[in-house]
Structures are given as C-alpha cells and as structure tokens.
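# Following is a predicted model, sequence given first.
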Amino acid sequence: MNLSISKKILAWYKKHQRKLPWRKYKSQKDRHYKVLLSEFMLQQTQVKTVIPYFNNFYKNFDTIEKLSNAPQSRVNKLWQGLGYYRRAKFLLKTSKIISKKYNSKLPQSYNELIKLPGIGDYTAKALLSIAFNKSEIGIDGNVARVVSRLFCIKDKKKIPHYAEKLKVKNNSSSLMQGIMELGALVCKPNNPNCIKCCLKNLCKFKDNKKIYMSKSSKRKIIKKLNACIYIKNKKILLTRKNDFGPLKGFLNVPMFENYSDILQADLEKFFKQKIKYTKLKKIKISISNFITEVNCIKIQNLNRINNDYIFFTNKQIQKNFKSSFLDKILNRVEGF
C-alpha cells in the first residue's frame, strides 16, 4: 500500500508540479546551490513571496563562492522585506563554511549538514533528498499535514515514523517535493480539495475532518516600539543599529522600546539630548513571530547625530532598501 501511495504522489507531481526558479539548473553544482538558497528563503515563508527575492538574490550571487565573499550588508540589503532576518546571517555564514571547508561543494551527509548555521533536521533532510536524490523525507508543515491526514495520526511524534514508510529507492527528490507540493496545492490547512487529491481513495482524512483540520498558529508575541522619524532637507534619518531582534542589521528609522512610562524622558535617554517631537498615528506591523505596536514619533530637532545614523532620500530608500516594515512607517509621514 505504501509503495502505491508513493507512486501516486510521483505521478501526480510529474503532472502538476509548479515551475519554480530553483527547479531549473545549469549543472548539479548549480542545483545544489539553488536548493540551499531556496530552503533558507522558504523557511516559514510562502513560495509566492519567495520567488521575486530568490530571483533577485540569485541574479546578484549565482554561485556559493560569490555569496561567501559578499559583505553582510549586501546580503541584508537583498533580503530586506523577506522577514525572519536571522536567515540571511546564517545563510552567509553557511556559505563561508562550505566554501572554505568543503571546497564550495554542499556536504552530502546529514551529520555534516546539521552542523551548518541555520540548518536543522528538516532542512538537512530536504537538502539530501531534493539536491542529492537521497532517500530522506524532511518533515515540514506540508509533509506533516499530508502524512497525519493520510494515516489518521493523532500523535505528532509518530509522523516521522509513518513518513519513513513512504520512502523510495529512486526518485526521492521528486517524492519529497511531491509531498510538499500536494500539501501546498491540494491538502491545504483549511478547505483541502479532497475531491482532486490523488490519494483520496487511500486517505483516512475524509472520515475524520474535524480532528485534523488545521488549528490557528501559535499566538504571536506583542512588542511595543517607538519609531523615531527625523527629516531634514527632504532626507530621512536611518540606522542599522536597532536592538529589536528581527530588524538587527537592517536599515530602518531609529527605534527603541520604552524605558519608562514617560515618552519625553525615554526620547532624551535614547538620543542623549533634549528632544522636541510630535506624535503620529500608531500602527501594527507583523514581523517574524511578533506583532509590533509601533508608536510613530516625528522628531523636530536633533542637535547631535552620531556616526550610526545616515540620511537618505525617499528615492534612495525605494531603490536600494525596500522594506514593507519601513514603508508602513514612512506612510505615516506627510510630504515624504
């Protein structure tokens, strides 16, 4: 039965797979690099969101050697707006290790892959399967959903065991991608299209829908930030020095969390000088696993500006530092 399931998935995938940029490659080395890059970008991010970022990133760094020699600031710039920014740092660190330790070749063993920054159990197995066609199945959200519904599994700890039963000796790459594709396109978290599923006659989900329908995701952490907007000569002040984790190292307006309940005192502590300001409308922005409540503040004066801050025009920002987080803040400023 399990072999029959795998064959059905492979046949379905051959017919229905999406044309994605990381599925086209010039050589095996190019394939390995594209799979690595895509897996980093796809962590907790939808395919449709990743595609333009992947294309632009690959256009700038089309080999792991080129990426390994890139400055972090350049990588951050290309990543900006994609979210989960630690991935960009881990990706660069991993590329440097691969270039130096493995002669720019992606390691082919689980034990070596798992030691690389930003690579966990799922990513290591996905790389082995998709890039090297090895008999592995990584458990991401899509795979877990397909397997749990297919075999009527209530205990999540048992999912890897049942996933192992689907392994094949050949076509492991297509099987892994096929299961993920089935989860993304047919066996969706909500409103799965069971009628069009290639496994509808073998799946136990149809009789247990209430049990296996996706529950809402984990509650996000609420973070309160003060975003300081200072404009001079039609240029806005930006900095990479922000303490809020998901935005560390990326250009944004100066931001800080409250030190006390008195905004005036907090602003003067942050800028280390007397401050005049105007409050703008508050906004909520989702980033990583946070919901940020951003208190937008228009600064009227800054007598001293240290080297951590740089002025940019709106044109420079839109061309070089596109960020949905920054855009939403700038939308609160009239005339910029």
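Received, thanks.

# ok, which stretches of the stretch 151-300 of the chain are strands?
221-229, 231-232, 235-239, 255-256, 277-287, 290-299 (DSSP state E, counting those that start in this stretch).

# Partner strands of the first one and their direction?
Strand 221-229 pairs in its sheet with strand 255-256 (antiparallel), strand 290-299 (parallel), by DSSP bridges.

# before we move on, what about the second one?
Taking DSSP bridges as the criterion, strand 231-232 forms sheet pairs with strand 235-239 (antiparallel).

# in the stretch 101-250 of the chain, which spans are helices?
110-113, 121-126, 132, 141-150, 159-164, 172-185, 209-212 (DSSP state H, counting those that start in this stretch).

# Confidence-wise, which of these is weakest overall?
Of all the helices of the stretch 101-250 of the chain, helix 209-212 carries the lowest average pLDDT, namely a mean of 57.

# about what we covered before: would you reformat the strands paired with strand 221-229 as JSON lines and include distance to residue 273, mean neighbour count and mean pLDDT?
For the C-beta atoms, the positions are set from N, CA and C on the backbone; glycine is no exception. Output for the strands paired with strand 221-229, formatted as JSON lines (distance: least, C-beta to C-beta, whole Å; neighbours: other C-beta atoms under 10 Å; pLDDT from 0 to 100):
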{"stretch": "strand 255-256", "distance to residue 273": "14", "mean neighbour count": "20", "mean pLDDT": "90"}
{"stretch": "strand 290-299", "distance to residue 273": "11", "mean neighbour count": "19", "mean pLDDT": "89"}
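
# JSON lines please, covering the ones you listed and showing distance to residue 114.
JSON lines is the format used below for the strands paired with strand 221-229 (distance: least, C-beta to C-beta, whole Å):
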{"stretch": "strand 255-256", "distance to residue 114": "35"}
{"stretch": "strand 290-299", "distance to residue 114": "27"}
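
# As a markdown table, the strands of the stretch 151-300 of the chain with distance to residue 187 would be great.
Output for the strands of the stretch 151-300 of the chain, formatted as a markdown table (distance: least, C-beta to C-beta, whole Å):
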| stretch | distance to residue 187 |
| --- | --- |
| strand 221-229 | 29 |
| strand 231-232 | 49 |
| strand 235-239 | 43 |
| strand 255-256 | 40 |
| strand 277-287 | 25 |
| strand 290-299 | 28 |
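
# who wins for proximity to residue 150 among those strands?
strand 277-287 (31.8 Å; C-beta to C-beta).

# rewinding a little: adding mean neighbour count as columns, could you present the helices of the stretch 101-250 of the chain in TSV?
Shown next, in TSV, are those (neighbours: other C-beta atoms under 10 Å):
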stretch	mean neighbour count
helix 110-113	16
helix 121-126	21
helix 132	18
helix 141-150	22
helix 159-164	16
helix 172-185	22
helix 209-212	11
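
# any low-confidence regions in the stretch 151-300 of the chain?
207-220, 288 (pLDDT under 70).

# Let's have the helices of the stretch 101-250 of the chain in CSV, adding distance to residue 3.
CSV is the format used below for the helices of the stretch 101-250 of the chain (distance: least, C-beta to C-beta, whole Å):
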stretch, distance to residue 3
helix 110-113, 24
helix 121-126, 20
helix 132, 22
helix 141-150, 14
helix 159-164, 13
helix 172-185, 11
helix 209-212, 24
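
# what about the strands paired with strand 221-229, which gets the closest to residue 107?
strand 290-299 (33.1 Å).

# Tell me how far that closest one lies from the chain's centre.
With C-alpha atoms, centre = their mean, to the nearest Å as the basis, strand 290-299 stands 23 Å off its chain's centre.

# Kindly report the same for stretch 192-212.
That offset, for stretch 192-212, works out to 29 Å (C-alpha atoms, centre = their mean).

# check contacts around the spatially most distant residue from the centre of the chain.
Distance to the chain centre peaks in the chain at residue 274, reaching 39.4 Å (criterion: C-alpha atoms, centre = their mean). Applying C-beta atoms under 8 Å, 6 or more residues apart in numbering to residue 274 gives the contacts 268, 301, 303.
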